[in-house]
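Participant: model the following, please.
(2 chains)
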Number of protein chains: 2
Amino acid sequence: MVTKVISATVFFLCSLNLVAQQEDSIAIKKISDEVLTNGTAYENLRYLCKKIGPRLSGSANAQKAVEATARMLKEAGADTVYLQPCMVPHWVRGEKEKGYIQLANGTRHALKLCALGNSIGTGKKGVTASVIEVKSFAELDALGAAVIKGKIVFLNFPMNPTYVETFRAYGESGVARWDGPSRAAKYGALATMVRSMASNPDDYPHTGVMAYNDSFPKIPAVAISTNDAVWLSRQLKLKMVLTAYIQNTSAMLADAPSFNVVGEIKGTEFPNEYITVGGHLDSWDLAEGANDDGSGCVQSIEVLRAFKATGIKPKRTIRAVMFMNEENGGRGGDKYLELAQKNNEKHLFALESDEGGFTPRGFNLEVTEVQYQKLLQWKDLFYNYGVYYFRQGGSGADIEGLNKAGAALAALSPDSQRYFDIHHAVTDVFENVSRRELHLGAVNMTALIYLVDKYGL
Amino acid sequence: MVTKVISATVFFLCSLNLVAQQEDSIAIKKISDEVLTNGTAYENLRYLCKKIGPRLSGSANAQKAVEATARMLKEAGADTVYLQPCMVPHWVRGEKEKGYIQLANGTRHALKLCALGNSIGTGKKGVTASVIEVKSFAELDALGAAVIKGKIVFLNFPMNPTYVETFRAYGESGVARWDGPSRAAKYGALATMVRSMASNPDDYPHTGVMAYNDSFPKIPAVAISTNDAVWLSRQLKLKMVLTAYIQNTSAMLADAPSFNVVGEIKGTEFPNEYITVGGHLDSWDLAEGANDDGSGCVQSIEVLRAFKATGIKPKRTIRAVMFMNEENGGRGGDKYLELAQKNNEKHLFALESDEGGFTPRGFNLEVTEVQYQKLLQWKDLFYNYGVYYFRQGGSGADIEGLNKAGAALAALSPDSQRYFDIHHAVTDVFENVSRRELHLGAVNMTALIYLVDKYGL
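Facilitator: Now for the predicted structure:
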């Protein structure tokens, strides 16, 4: 009899589970149909890219983007929209950078280059010096001051093409950009030229942030295009290179006032429990920040719109957050966490989209094992919408501290093949975002938040 | 004791299986590293797109493409390269098409239009008539000759945006283009305007083949852009439309001689068993046929190159085939089958790539249940390379008859979100193909052929 009772109970629970799964499946289909048919993310992105453009922290455009996304959040149906003031670094590129390689045969090769974010300038005179190439920090350390002193260090760390996921290659080679300048300065380098972080050979520099280590002198740092890097490496091997010249007038100004933009739908049962979905509103100054991260912003706004348009009323309060200053300081994320802690907010879950508006493949998670098992039970609901993995490891730069406020963390993980063609470069424009890919990402983001909100974590 | 023997046997077999899986995993990694690092598919595609361009069957460019891909196959290391002569339909677009809508307020709205492939021309005079919109064949049949006769029929069959896989929507709405003209002619229509098969609103017509039903008169058929279709539908509702005018000088000429291009690597153990991998070399005339199907051609060439470059010697003979005339006749596919049957060839497997050079997600299969179960055992080997489904249903237009020669059939199934932005339109250019996505497709194609060759099916 015990067996029968257990069987009946198991059967009952399974049935309940089946009914719930079917309900969820229908709700997610409704979300998908709404977003794929009436989604406004793409048109909002067009506005951010074409009516505003680059949105570097502290710039007039960044402020325009604050105002525009506040309006978009209202249009999406947010109950409340407000700004969170925060001070941000205010770095300016200055005039168009110049640079060339002086060859032994008397010719000059003009470099496609740009200053790295946060770099100091060379001054109008620029820096002229001989060039030394290094392919690893071990090599740099081995050469030491005896060789490095007085030179321009060329950090040639190509992204590994054999890694199928391009972010893995970026993580490995990106150290050249982040740490390279100070590591070279330690040995008396005058400046650094970093090979752009790009997956494919191309003819434009990719900028991005670098960070000075206060123990060493600050030296100017530029990125050169991958094609220039390949060319320069060959010329160095042929002993053809006499000197390099670089000039940039970049400068870090005083911190400037700015804002995170927050839109909320109030929860019906647990209004004081928060689920955050966001992207970052600032972008590099070389293009329109379409994929990085206009996409994540408009997708987050679309999540709110999808809840409203489908009539799904969340139990918890859902917040769409446009974080300011992810690219060169992370001050918006810091401020959001600071206020969450100060106000004793209970944060359940935070999801960031900051890997481009490309076709979705999965979610990356930073959750407990118990939460992970719960999430895995929902995975199959996403299969028809292109998401087939939920995996531990990685969230988003703006939300990664929110675990301190109790939040489980997640990131949309879109296909990464095209990301480093456009990342931080002149090619990160609206035309390189696909309407359906962008909207399909928003479908999956909304579906995940719908489930976390409904069942908790 | 029996138990122990069985256990030992099972253990032994499992171990064998594990060893084989590990071997295969290493081989596939080697293939992937080779293609992602040294792949030439992208540069071959650049040549097809930028040095040759549109490759409509019977055109001079199609012949140039025959010669170019024969050379590429040799460079890739094919043991033998040869041409299979076949006659192809020779349709020509004629002069740039013209068309407009005459509105009741006296203004004219110029249409973005193009003739559908295989359509007859209107003659220089063009066709002027009133317009009737239909949204389904049921509606067309219900209206019948009483309403349709003497009119231009506007077939407005939008692609369903809620289908996540865009090919499903194409299958459903595409009937308007394929069958619409003759179905309208049955009721005495003078001409047809078909809404372009496009997933998103855009401002350019998408061409594609239509087929006349010999029971009814041949009437001219054009595609108009989706934005024009939306506009026209609204104007018709407002009773603003007086007449439409369309003019095209398209014509079907006499069949022309052309070729399939075949490159082979001879099998070491079963040289008379064939595995085919292919794409189609012809393309529509409005753009470069980059995704449709230059991509499939250069990926198939890359499969041969990957075998050669990694030193993997296939047991069976691997053939990369550039099929001619998929777009408006399928004569190349027919010829390949005809010769296979005539020569009594034993065909084991055929794989086509003709859904764009986008990031791979899976394989579509037309195989027996036993073969399917065998294939499923290999599926996990593809996971790290982006392929996570093997599913029954669908192969490729050029190979679908090869089951008559014994072949199991398959198609690479890449992400479909962007395909109908470029399909048969001016946007199908090299710039809309990603190097890494294209090469990753070739990785998976090579891996599948490696396994089928090694283990049979």
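
Participant: which positions in the stretch 251-400 of chain A make contact with chain B?
Facilitator: A:Thr359, A:Arg361, A:Asn384, A:Tyr385, A:Gly386, A:Tyr388 (CB under 8 Å from any CB of the partner chain). The way it works is simple: take the backbone N, C-alpha and C, and place the C-beta from them, glycine included.

Participant: could you rerun that using 7 Å?
Facilitator: A:Thr359, A:Asn384, A:Tyr385, A:Gly386, A:Tyr388 (CB under 7 Å from any CB of the partner chain).

Participant: so how do I select the buried members of these in ChimeraX?
Facilitator: The buried subset of these, as determined by 16 or more other CB atoms under 10 Å in any protein chain shown, is captured in ChimeraX by this line:
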select /A:359,385,386,388
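
Participant: among the residues of the stretch 251-400 of chain A next to chain B, which are in strands?
Facilitator: When DSSP state E defines the strands, the subset of these inside them is empty.

Participant: can you classify A:Gly99 by secondary structure?
Facilitator: strand (DSSP: H, G, I helix; E, B strand; the rest coil).

Participant: residue contacts, it?
Facilitator: Applying CB atoms under 7 Å, 6 or more residues apart in numbering or on different chains, we find A:Gly99 in contact with A:Leu111, A:Leu113, A:Val222, A:Ala244, A:Tyr245, A:Ile246, A:Gln247.

Participant: pLDDT added to the residues of the stretch 251-400 of chain A next to chain B, as JSON lines?
Facilitator: Shown next, in JSON lines, are those (pLDDT from 0 to 100):
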{"residue": "A:Thr359", "pLDDT": "98"}
{"residue": "A:Asn384", "pLDDT": "98"}
{"residue": "A:Tyr385", "pLDDT": "98"}
{"residue": "A:Gly386", "pLDDT": "98"}
{"residue": "A:Tyr388", "pLDDT": "98"}
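
Participant: helices of chain A, start to end?
Facilitator: For chain A, applying DSSP state H gives helices covering A:2-38, A:41-46, A:60-76, A:137-148, A:166-173, A:175-185, A:226-237, A:295-310, A:331-342, A:369-378, A:419-422, A:435-455.

Participant: show me what the third one is packed up against.
Facilitator: On a contact count with 3 or more CB pairs under 7 Å, 6 or more residues apart in numbering or on different chains; DSSP states H and E, helix A:60-76 meets strand A:80-92, strand A:251-265, helix A:295-310.

Participant: distance of the most centrally placed residue in chain A from B:Tyr419?
Facilitator: For chain A, A:Asp354 is the residue whose C-alpha lies nearest the centre (CA atoms, centre = their mean; 3.7 Å). Between A:Asp354 and B:Tyr419 the distance is 26 Å, computed by CB to CB, to the nearest Å.

Participant: distance of the closest residue to A:Gly393 other than its chain neighbours from A:Leu375?
Facilitator: Spatial nearest neighbour of A:Gly393, excluding adjacent residues (CB to CB, 6 or more residues apart in numbering or on different chains): A:Asn364 at 6.0 Å. Going from A:Asn364 to A:Leu375 by CB to CB gives 11 Å.

Participant: what about the closest residue to A:Thr40 other than its chain neighbours, neighbour count?
Facilitator: In space, and not counting its chain neighbours, A:Thr40 is closest to A:Arg305: 6.2 Å by CB to CB, 6+ apart. Other residues lying near A:Arg305 total 29 when counted by other CB atoms under 10 Å in any protein chain shown.

Participant: quick one, what contacts A:Ile399?
Facilitator: Contact analysis of A:Ile399 by CB under 7 Å, 6+ apart lists A:Thr276, A:Gly278, A:Gly333, A:Ala350, A:Glu352, A:Leu409.

Participant: so which of these comes closest to chain B?
Facilitator: Relative to chain B, the closest of these is A:Glu352; by CB to the nearest CB it sits at 21.6 Å.

Participant: count of neighbours near that closest one?
Facilitator: A:Glu352 has 31 neighbouring residues, counting by other CB under 10 Å.

Participant: circling back to that earlier point, didn't the residue nearest to the centre of chain A look like it was pressed against A:Gly294?
Facilitator: No - the pair A:Asp354 and A:Gly294 fails to qualify as a contact (CB atoms under 7 Å) at a distance of 10.6 Å.

Participant: next, the buried residues of stretch A:243-257.
Facilitator: Buried positions in stretch A:243-257, judged by neighbour count with 16+ other CB under 10 Å: A:Ala244, A:Tyr245, A:Ile246, A:Gln247, A:Asn248, A:Thr249, A:Ser250, A:Met252, A:Ala256.

Participant: give me the number of residues near the closest residue to chain B within the stretch 151-300 of chain A?
Facilitator: Going by CB to the nearest CB, chain B is nearest to A:Thr162 of the stretch 151-300 of chain A, at 4.3 Å. For A:Thr162, the count of nearby residues is 13 (other CB under 10 Å).

Participant: spatially nearest residue to it (excluding sequence neighbours)?
Facilitator: With CB to CB, 6+ apart as the criterion, A:Thr162 has its nearest non-adjacent residue at 4.3 Å, and that residue is B:Asp33.

Participant: may I have the residues that are in contact with A:Tyr100?
Facilitator: Going by CB under 7 Å, 6+ apart, A:Tyr100 touches A:Arg108, A:His109, A:Ala110, A:Leu111, A:Tyr245.

Participant: which residues does it bridge with?
Facilitator: Per DSSP bridges, the residues bridged to A:Tyr100 are A:Ala110, A:Tyr245.

Participant: and it, how far from A:Ala244?
Facilitator: Using CB to CB, we find A:Tyr100 at a distance of 7 Å from A:Ala244.

Participant: pretty sure the residue nearest to A:Thr40 sits against A:Ala78.
Facilitator: No - A:Arg305 is beyond contact range of A:Ala78, at 8.9 Å (criterion: CB under 7 Å).

Participant: that older thread, just the helices and strands packed on helix A:60-76: most buried one?
Facilitator: Comparing the helices and strands packed on helix A:60-76 by mean neighbour count (mean count of other CB atoms under 10 Å in any protein chain shown), helix A:295-310 ranks first with a mean of 28.
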